[in-house]
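>>> test case, fold it:
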Amino acid sequence: MPPLTGAALWLRLITIAALWGATYPLIRYLSAFLSPFAMAGLRGVLAAVVVFLFLWLRGGLGGITRQVAVASLMLGTFAGVLPNTLIPMALQRMEAAPASLVQAAGPLIITLLAGLLLPGEKPTPRMLAGVGVGFLGMALVVGSGGLGGGTMVGAALILAATCSYAISTIWIRMAPRGPAAALALGQQAVSGVVSGGLALAVDGPGVLVQPTEVWVLGIFLAIFATAIPLTLFLGLATRARAADAAMVGYIQPVFAILIATAWLGEVPSWQVLAGGVVVLGGVAIVTTARGGPAPASR
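Numbering: from 1, shown residues only. From the prediction side, this is the model:
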């Protein structure tokens, strides 16, 4: 299957970024009602049900192999349980816009890991310069006053979640895998079972008693901000360069900021916006540096 490039690549990137960008304002709002474990369990269980029904209706439940099962355990942990728990913890302490910009470090980390671990994706000097610019932007975002009343603990939690996502992205490029839809189902099943079990163990059955609004927004979070973009991203990760797939992390904060400002009234400070501009400048340097060798076919 030919790699995604041009308009097809950008359409997929923008769609994923817009849907995932809504995640931060949604979690920020729901964190007033649900614990981090409950939030992670809700996303995992509902997303798994949605993906299962989608595949069942399409007759696409095949492809569940041993490789898919192993990949699902890995993805369910590093792209499910860990980040889905850490991000709500962070958003109890900081606003949605700076949180999304902190996670913009993901593409920087992925680019560096890809250069170390993936054949043919060694970053050029220009790409490394872009990574440096991006980290300078991150420093500006998390510097004095940049968290808009949040704490450095929140930023550390977001960075931990970001590293977890980066590990899963690189791993799926290196390891044997199966169909993207099967991986999405397996990931959410693992995430839902583990996170749901933790929620019931820590919070008790009372966590299920929530206002209707919470369930509606939770379902929206699970379907449109989790299941759909996840399935799209897993397909993207197997058909695009790691650096191209990483661009989702740079575009996503734009949508998170717009949604958080319009819905929650969380207007980011000038320092957060300035840091975001520097981060996007870094990605512009990285993504226009195409002088390196093409990635090896897998």
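>>> tell me how far the ends of stretch 266-273 are from each other?
12 Å (CA to CA, to the nearest Å).
>>> quick check: mean pLDDT of that stretch?
Here stretch 266-273 scores 87 as its mean pLDDT.
>>> same thing with stretch 73-90?
93.
>>> how far does it sit from its chain's centre?
The chain centroid and the centroid of stretch 73-90 are separated by 10 Å, computed with CA atoms, centre = their mean, to the nearest Å.
>>> then that stretch to CSV, C-alphas only?
Written as CSV, here are the backbone C-alpha positions of stretch 73-90 (Å, rounded to 0.1, in the frame of the first residue of the first chain):
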residue,chain,number,x,y,z
LEU,A,73,-1.6,-5.3,25.2
MET,A,74,1.2,-2.9,24.3
LEU,A,75,-1.0,-0.2,22.8
GLY,A,76,-3.7,-0.7,25.5
THR,A,77,-1.1,0.1,28.2
PHE,A,78,1.0,2.9,26.6
ALA,A,79,-1.7,4.5,24.4
GLY,A,80,-4.6,3.7,26.6
VAL,A,81,-4.4,3.1,30.4
LEU,A,82,-1.4,5.3,31.2
PRO,A,83,-2.1,8.5,29.2
ASN,A,84,-5.9,8.2,29.7
THR,A,85,-5.3,8.3,33.4
LEU,A,86,-2.4,10.8,33.5
ILE,A,87,-4.1,13.4,31.3
PRO,A,88,-7.3,13.8,33.6
MET,A,89,-4.9,14.0,36.6
ALA,A,90,-3.1,16.9,34.8
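>>> residue 281 - how many residues pack around it?
15 (other CB atoms under 10 Å). For glycine as for every other residue, the C-beta is placed from the backbone atoms N, C-alpha and C.
>>> again with residue 69
13.
>>> cool, residue 280 as well?
Using other CB under 10 Å: residue 280 sits among 18 other residues.
>>> so it touches residue 249, yeah?
No. Between residue 280 and residue 249 there is no contact under CB atoms under 8 Å: 10.9 Å.
>>> can you tell me the element the spatially closest residue to residue 153 that is not a sequence neighbour falls in?
Excluding the flanking residues, the one nearest residue 153 by CB to CB, 6 or more residues apart in numbering is residue 93, at 5.9 Å. Under the criterion DSSP states H and E, no helix or strand holds residue 93.
>>> try residue 230
Element membership of residue 230, judged by DSSP H and E, is helix 228-239.
>>> what's the following helix or strand past that helix packed up against?
Remark: after helix 228-239, the chain's next helix or strand is helix 242-246, criterion DSSP H and E. Judged by 3 or more CB pairs under 8 Å, 6 or more residues apart in numbering; DSSP states H and E, helix 242-246 is in contact with helix 105-117, helix 152-174, helix 228-239, helix 270-287.
>>> with distance to residue 69 as added columns, please give those helices in TSV.
Output for the helices and strands packed on helix 242-246, formatted as TSV (distance: least, CB to CB, whole Å):
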stretch	distance to residue 69
helix 105-117	23
helix 152-174	14
helix 228-239	15
helix 270-287	34
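>>> which one, of those helices, ends up nearest to residue 3?
The closest approach between residue 3 and any of these, judged by CB to CB, belongs to helix 228-239 at 5.5 Å.
>>> low-confidence ranges, this protein, go.
1, 60, 62-64, 144-151, 176-178, 243, 287, 290-298 (pLDDT under 70).
>>> returning to that earlier point: quick check on the residue nearest to residue 153: phi, psi?
phi -120, psi -10 (degrees, to the nearest 10).
>>> find the nearest non-adjacent residue to residue 22, please.
Residue 22 sits nearest to residue 225 (CB to CB, 6+ apart), 4.9 Å away.
>>> burial check on that neighbour, number of neighbours?
23.
>>> what separation do you get for it and residue 202?
23 Å (CB to CB, to the nearest Å).
>>> what do you get for residue 279?
Residue 279 is 35 Å from residue 202, by CB to CB.
>>> great, nothing more from me.
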